[in-house]
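Provided below are the primary sequence and the corresponding predicted coordinates.
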Amino acid sequence: MCRNSIDAVKPNGIYLRTSFLATIVHLMLPILLPLSALGGKFIPSFCKPSVLSFSNCNYLMKNIGVDYLRMAISFTYWDYCVDPEDLEAMWNVPEVRAEWLKAGEERSQMIHLSRDPDGQPYLTQTEMRAVADIVVSRHFPSEIDPGMICAIAELESDRQLLAMHSGHKSKEPSVGLMQLQPKTAEWLMSELGYRSYAAERNKESLLKPFINVYFGAAYVKWLSNFDNKKRSEEFIVRAYKGGTKKATHKSTFGYWKCYLSVKESFPSRKSGVDNHPPINAAAPAPSENSIDLGPKAQHIYNRAVLNPLATQVLLFDLLLERVDASNDTYWDSRASPDDMEAMWSHPAVRKVWNKSKEKQGNVRFSLDEKKRPLLSRVEMKAVADIVLFKYLNTVKIKSTIFCAIGDVVSMRYVHGLGERTGIMGIDYSTAYWLYSELDCTAYRLESVNDLNNPFVSMYFGAAYAAWLSEYEGRERTPEFFVQAYFVGAKNVNPQNTSTLWLKFEETLSKYEETKRNDDSCSIM
């Protein structure tokens with residue numbers, strides 16, 4: 001059965017188990033291939049699935065051909081193409097673990113790779129996101145957006161491990177998930193010192209997912225500071241496709257538009273990685289002419305545009321989205337009974353809810369003109385007060401600061417805006433890092449949907465801001481940690497007051513004014 005909703009668009013099922021005979025043949029490859037003549041040429045003995053250097057890749061590509069190279073590295077199991085510690089890291093990602101267990105995998109057995117109808121191994125989107133997050137958190141913390149890596153891999157290779165394409169100008173094929181040329185990886189190793197997955201005596205195969213994503217991310221990082229200038233996401237993506245000289249050329253513009261669509265539709269995932277990507281920017285104001293379908297329905301629409309053959313699956317998913325939409329009507333469907341009781345005990349909230357004739361057990365969310373649920377500033381302030389009082393009472397930051405941060409990032413929308421989830425705009429990777437590594441466990445965190453609970457989003461957003469306020473063991477000013485929340489701690493320029501900070505100050509003043517006009521904020 002399908003291992004995630006987007007992969008469901010692939011026909012004839014996706015999780016094809018390799019037959020017993022195929023498994024036997026694959027296990028015999030290291031013995032058979034050195035003895036087999038293919039087109040008058042013999043496969044050298046170094047051509048084993050588990051060990052293949054970049055130079056050997058070049059030899060095979062030039063002297064034997066791409067099809068035979070695919071045969072030589074016919075990965076059947078994850079165990080063949082990742083190191084044990086990388087496989088363990090994958091198992092430690094909750095959503096990957098759930099997906100594998102649902103597919104019948106066992107931790108004590110080798111893990112099958114998914115295969116498309118042509119028999120080619122590929123990563124599900126859940127697996128792709130996990131690999132990207134693990135690689136980025138280990139080697140490029142707060143420097144690269146894993147979502148960018150996932151979207152590029154989707155466009156370049158359709159997440160196929162053995163994808164190989166030859167450009168019209170280059171004789172050397174681009175290979176793997178990120179479609180890198182071996183000479184590019186060699187250059188990144190020798191000239192820029194990217195050797196985390198390299199050793200002189202045994203260079204890992206560029207077709208292996210962690211190695212390929214590592215060098216792809218290294219190349220993205222190099223592009224991000226090309227010519228010693230901080231580059232935009234658009235420049236990086238278009239340069240990845242066509243080279244730095246084509247980054248502004250019309251030939252790469254279509255690729256950029258496709259990238260935006262794919263990145264928007266790529267699902268978030270659980271992450272057990274040990275770092276915390278930044279929240280990149282404030283939420284843009286909704287366009288008057290834009291059509292808001294809700295996060296899941298928008299995702300379904302995007303995939304329908306990319307793959308119109310998936311109509312039946314997409315319509316079914318859209319039906320599920322409409323059923324789930326009932327959760328957006330009432331506070332009580334999102335928040336726990338204890339949190340709702342605390343809201344009713346908050347004087348300012350009780351006054352507003354009584355005035356609007358809300359009833360306990362059926363408190364409605366406010367809706368904008370497009371029927372999107374959002375919080376009033378009074379409700380936002382109350383959620384922050386309750387979370388701080390119950391779970392973060394040692395934090396010395398005022399609740400109004402957290403409210404203003406969330407307001408700038410999400411405009412108080414329950415689902416957040418764009419890629420920023422929930423009222424605090426905190427992504428799942430960061431929240432799960434806080435949950436698993438810093439023991440922020442007041443609220444359970446099992447899926448990205450949990451962050452659509454205003455209390456859960458506020459809790460993890462406030463915890464992250466509090467962590468940033470003591471970044472690198474130093475007490476930080478609000479000007480630092482607020483901007484760090486928006487753009488990442490390493491991107492804060494203390495000599496340059498950003499527009500985000502100015503917007504934050506303006507928003508904060510509105511909450512301070514509300515606070516002065518309210519009665520006591522006691523929640524007891």
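Noted; the coordinates are in hand. Predicted model, so just to flag it, every value in this text is computed and none were measured. Numbers count the residues shown, from 1 in each chain.

CA atoms for contacts and neighbours, from now on please.
OK.

For the stretch 351-500 of the chain, which segments count as helices?
Taking DSSP state H, counting those that start in this stretch, the helices of the stretch 351-500 of the chain run over residues 377-391, 399-410, 428-437, 454-468, 478-487, 499-517.

Mind checking those for the one nearest to residue 135?
In this view, the helices of the stretch 351-500 of the chain are compared for proximity to residue 135 by C-alpha to C-alpha, and helix 428-437 is the closest at 12.9 Å.

and the spatially closest residue to residue 350 that is not a sequence neighbour, how far is that from residue 228?
Distances taken as C-alpha to C-alpha, 6 or more residues apart in numbering put residue 344 closest to residue 350, at 5.2 Å, once the chain neighbours are dropped. As for residue 344, its distance to residue 228 is 55 Å (criterion: C-alpha to C-alpha, to the nearest Å).

Name the residues of the helix or strand containing residue 137 that come out as buried.
Per DSSP states H and E: residue 137 is located in helix 125-139. Within helix 125-139, the residues that qualify as buried are 125-137, counting by 16 or more other C-alpha atoms under 10 Å.

Run the angle between it and helix 428-437 for me.
Compare the direction of helix 125-139 with that of helix 428-437 by axes from the mean of the first three to the mean of the last three C-alpha atoms, to 10 degrees and you get 70 degrees.

hmm, back to that, TSV for the buried residues of helix 125-139, including pLDDT and distance to residue 218?
Shown next, in TSV, are those (pLDDT from 0 to 100; distance: C-alpha to C-alpha, whole Å):
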residue	pLDDT	distance to residue 218
125	92	21
126	93	22
127	95	20
128	96	17
129	95	17
130	95	17
131	97	14
132	96	12
133	94	14
134	95	14
135	95	10
136	94	9
137	92	13
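
for stretch 161-178, how far is the first residue from the last?
9 Å.

Pull the CA coordinates from stretch 119-139 and hand them back as CSV.
The C-alpha trace of stretch 119-139 is given here as CSV (Å, rounded to 0.1, in the frame of the first residue of the first chain):
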residue,chain,number,x,y,z
GLY,A,119,11.9,-1.6,-10.6
GLN,A,120,14.0,1.4,-9.8
PRO,A,121,14.7,2.1,-6.1
TYR,A,122,13.6,5.5,-4.7
LEU,A,123,13.0,7.2,-1.4
THR,A,124,9.5,8.1,-0.2
GLN,A,125,9.0,11.7,0.6
THR,A,126,9.0,10.8,4.3
GLU,A,127,12.4,9.1,3.9
MET,A,128,13.7,12.0,1.7
ARG,A,129,12.8,14.6,4.3
ALA,A,130,14.4,12.5,7.0
VAL,A,131,17.7,12.1,5.1
ALA,A,132,17.8,15.9,4.4
ASP,A,133,17.1,16.9,8.0
ILE,A,134,19.6,14.5,9.4
VAL,A,135,22.4,15.6,7.0
VAL,A,136,21.6,19.3,7.4
SER,A,137,21.4,19.1,11.2
ARG,A,138,24.7,17.2,11.4
HIS,A,139,26.8,19.2,8.9
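
Would you mark the buried spots in stretch 359-379?
By neighbour count on 16+ other C-alpha under 10 Å, the buried set for stretch 359-379 is 363-367, 372-379.

tell me the two of those residues that are most distant?
Spatial extent of the buried residues of stretch 359-379 (C-alpha to C-alpha) is set by the pair 372 and 378 at 17.8 Å.

and residue 186, helix, strand or coil?
Put simply, residue 186 is helix when judged by DSSP: H, G, I helix; E, B strand; the rest coil.

what's near enough to touch the residue lying closest to residue 123 once chain neighbours are set aside?
Spatial nearest neighbour of residue 123, excluding adjacent residues (C-alpha to C-alpha, 6+ apart): residue 159 at 5.5 Å. Neighbouring residues of residue 159 by C-alpha atoms under 8 Å, 6 or more residues apart in numbering: 122-125, 128, 153, 177.

Of these, which is the most crowded?
Scoring those on neighbours with other C-alpha atoms under 10 Å, the highest-scoring entry is residue 177 at 33 neighbours.

does it sit in a helix, a strand or a coil?
Assigned with three-state DSSP, residue 177 falls in the coil class.

What score does it have for pLDDT?
On pLDDT, residue 177 comes in at 95.

That one and residue 357, how far apart?
On the measure of C-alpha to C-alpha, residue 177 and residue 357 end up 55 Å apart.

do residue 384 as well
23 Å.

So these two - more neighbours on which side?
Shown here are residue 384 and residue 357; by other C-alpha under 10 Å, residue 384 has more neighbours (22 against 10).

so how many other residues sit close to the residue nearest to residue 457 when sequence neighbours are not counted?
Excluding its sequence neighbours, the residue lying closest to residue 457 (C-alpha to C-alpha, 6+ apart) is residue 451, at 4.8 Å. By other C-alpha under 10 Å, the residues close to residue 451 number 29.
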